[in-house]
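Novice: pasting a predicted model and its sequence here:
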Amino acid sequence: MANLTDAVESNLTQALAADNGRSAELLAHDGVLRQTVVALRSGTRLQEHNSPPAATLQVLRGSLRVEIEDAKDEQGTFHENELWTLTHERHSVLALEDCAFLLTTVTSTGEPSHG
């Protein structure tokens with residue numbers, strides 16, 4: 001059993017100290033389901049990447065923006081305690097402040113990723 005508060009604190013501490021400004025920890029992996037805590041230092045960007053067949057993002061601390069098509073558009077700005085279904089388009093993630101989120105994905109279903 002993972003403690004989300006501990007995972008957020010630990011990964012934020014690591015992200016703040018890391019050269020790349022990020023840290024992640026896989027908390028649950030059950031068949032096609034994966035849940036990962038991701039922490040980002042303010043201003044850090046996860047570069048554009050494909051979206052899995054299904055995913056949600058729950059902000060546990062801070063705020064971030066999900067951007068689509070090289071930041072020409074955005075899915076939205078997500079704040080603490082919000083849960084969103086993630087876009088099915090290629091996207092990047094920008095930390096608007098120090099933040100941590102729980103990324104829940106469904107992978108290896110035989111469906112291609114979106115992008």
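Specialist: In hand now; what should we look at?
Novice: what ranges do the strands span in the chain?
Specialist: 22-30, 33-40, 45-49, 54-61, 63-68, 73-79, 83-85, 91-95, 99-106 (DSSP state E).
Novice: His91: neighbour count?
Specialist: Residue crowding around His91 was assessed by other CB atoms under 10 Å; the count is 25. The C-beta positions use only the backbone N, C-alpha and C, and glycine is treated the same way.
Novice: what residues are up against it?
Specialist: Glu48, His49, Ser51, Val66, Glu67, Ile68, Gln75 (CB atoms under 8 Å, 6 or more residues apart in numbering).
Novice: can I get those in CSV with distance to Thr5, neighbour count and pLDDT?
Specialist: Output for those, formatted as CSV (distance: CB to CB, whole Å; neighbours: other CB atoms under 10 Å; pLDDT from 0 to 100):
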residue, distance to Thr5, neighbour count, pLDDT
Glu48, 31, 16, 91
His49, 28, 12, 88
Ser51, 28, 18, 86
Val66, 24, 20, 94
Glu67, 28, 22, 92
Ile68, 31, 17, 89
Gln75, 27, 18, 83
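Novice: which one of the residues you listed is nearest to Leu94?
Specialist: Each of the contacts of His91 was checked against Leu94 using CB to CB; the closest is Glu67, at 6.2 Å.
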